[in-house]
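**Q** The sequence and its predicted three-dimensional model are supplied below.
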Amino acid sequence: MSRDAPSEDPADLDRNDPEREIAARAAAYRNWGRWGESDVLGTLNFIDPAKRLQAAALVQTGEVVSLAQSFDTDGPQKGWRRRTNPVHTMTDTGTDAERGSQGFPHGLGGADDVISMPLQCSTQWDGLGHIFDHGLAWNGRRAGDVVTSDGDLVTGIEHAASVIVSRGVLLDVGRHLVPETCELADGYAITAGDLEATASAQGSLIGRGDIVLIRTGQYARTRREGWRDYAGGAAPGLSLTTAGWLHRTEIAAIATDTWGFEVRPNEFDVQAFQPLHQVVIPNIGLTVGEMWNLDALAQMCSSRGQWDFLLSAAPLPITGAVGSPINPVAVL
């Protein structure tokens, strides 16, 4: 880290000036133009065939674990900015089949269904068109030229549909920092030092093109105690000061078991909202995952003493979407 790089100590943040703290990190870590003016993938460009071959070589037993939360009406959403839980409706049922009301010949019956949901109501990726910085989107494009009422015309999530397969690395920060409960307290700001200490304790090396999964333990606590304010409330998460670590490690993507990826409340005494998002998505070009279920994976990794695996986490190729629900799977 150069002498002029922003501090990675949260104590050095000017808690009354989020604008300056965000701008300093955006300028220091901006990747605009790194992959050319027409780039639509950002740090996902770090994933190449060699990285996928490395990831595939990690498979030992063929066991697969889903890292998704449920998609149902019992989810955490409360309607903030029109984010609701999924509404699942049956359009054909077994009752219809029994009554012969479906109109099929020779006794054939069937069931069909439809779902209505925000694309970011459960386990999901934030696409590169999801967050802007002072009216600019990823790679320095005008936000209004990128996302219109027709969707993300440039960096739509469909561009990543065949990209996000790589080496996954779980950093169980909750387990490392609080071994008694394996759960970080709400409002705990994870530092770059915490990430490095966790990786060192696990014997995990973070490399270019990796997808890093951060387990805080909040989801485990939430499932035990109820949703409460899981969607949008206080949570452990990454400090704004981790922006430099996220940049220099050259990871392809990152995901957490929390609603918002970064620590909440955010680290300022004046009005601020998701400042790390503002740095990493439009400036670094980092794809961010939220609301992942990392508990079963953490148990498996701990019992094996191995914290890396093949990870497949393809978004749905929804044309022009700025995010996507996913069912990420780790293959061990």
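**A** That came through fine.
**Q** Please report how far Arg34 lies from Pro6.
**A** 19 Å (C-beta to C-beta, to the nearest Å). (Each C-beta comes from the backbone N, C-alpha and C, glycine too.)
**Q** So for those two, which sits in the more crowded spot?
**A** Pro6 (23 against 13; other C-beta atoms under 10 Å).
**Q** Distance-wise, check that one relative to Gln124.
**A** 29 Å.
**Q** what do you get for Val322?
**A** Applying C-beta to C-beta to Val322 and Gln124 gives a distance of 11 Å.
**Q** which one of the two has more residues nearby?
**A** Of the pair Val322 and Gln124, Gln124 is the one with more neighbours under other C-beta under 10 Å, namely 26 against 23.
**Q** beta partners for that one?
**A** Beta-bridge partners recorded for Gln124 (DSSP bridges): Glu290, Pro325.
**Q** wait, doesn't it sit right on Ser324?
**A** Yes - with contact taken as C-beta atoms under 8 Å, Gln124 and Ser324 are classed as touching, separated by 6.1 Å.
**Q** Quickly list the domain ranges of this protein.
**A** Domain assignment for the chain, taken from the TED database, gives 11-80+118-331, 87-116.
**Q** Dump those domains to CSV, plus mean pLDDT.
**A** Converted to CSV, the domains of the chain look like this (pLDDT from 0 to 100):
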stretch, mean pLDDT
domain 11-80+118-331, 98
domain 87-116, 97
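**Q** Tell me which of the ones you listed sits most buried.
**A** domain 11-80+118-331 (a mean of 19; mean count of other C-beta atoms under 10 Å).
**Q** chain center to that one: distance?
**A** Relative to its parent chain, domain 11-80+118-331 has a centroid offset of 3 Å by C-alpha atoms, centre = their mean, to the nearest Å.
**Q** Quick one: end-to-end length of that domain, please.
**A** The first and last residues of domain 11-80+118-331 sit 39 Å apart, counting by C-alpha to C-alpha, to the nearest Å.
**Q** which strand is the longest one in this structure?
**A** strand 165-172 (DSSP state E).
**Q** Report the next helix or strand after that one in sequence order.
**A** Once the chain leaves strand 165-172, the next helix or strand it forms, by DSSP states H and E, is helix 173-177.
**Q** same for the longest strand of the chain, what does it pack against?
**A** helix 49-56, helix 192-202, strand 211-215, helix 295-304, strand 308-312 (3 or more C-beta pairs under 8 Å, 6 or more residues apart in numbering; DSSP states H and E).
**Q** Now render those as JSON lines, adding distance to Leu128.
**A** Below are the helices and strands packed on strand 165-172 laid out as JSON lines (distance: least, C-beta to C-beta, whole Å):
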{"stretch": "helix 49-56", "distance to Leu128": "20"}
{"stretch": "helix 192-202", "distance to Leu128": "23"}
{"stretch": "strand 211-215", "distance to Leu128": "15"}
{"stretch": "helix 295-304", "distance to Leu128": "26"}
{"stretch": "strand 308-312", "distance to Leu128": "19"}
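**Q** Out of the ones you listed, flag the one nearest Thr241.
**A** helix 192-202 (6.6 Å; C-beta to C-beta).
**Q** which helices and strands sit right next to the closest one?
**A** Packing partners of helix 192-202 (3+ C-beta pairs under 8 Å, 6+ apart): strand 165-172, helix 173-177, helix 243-248.
**Q** nearest to Thr222, of these?
**A** Short answer: helix 173-177, nearest of the helices and strands packed on helix 192-202 by C-beta to C-beta, at 12.6 Å.
**Q** which helices and strands does that closest one pack with?
**A** The contact analysis (3+ C-beta pairs under 8 Å, 6+ apart) places helix 173-177 against helix 192-202, strand 211-215.
**Q** closest one to Pro275 among these?
**A** Among these, helix 192-202 sits nearest to Pro275 (C-beta to C-beta), with 15.7 Å.
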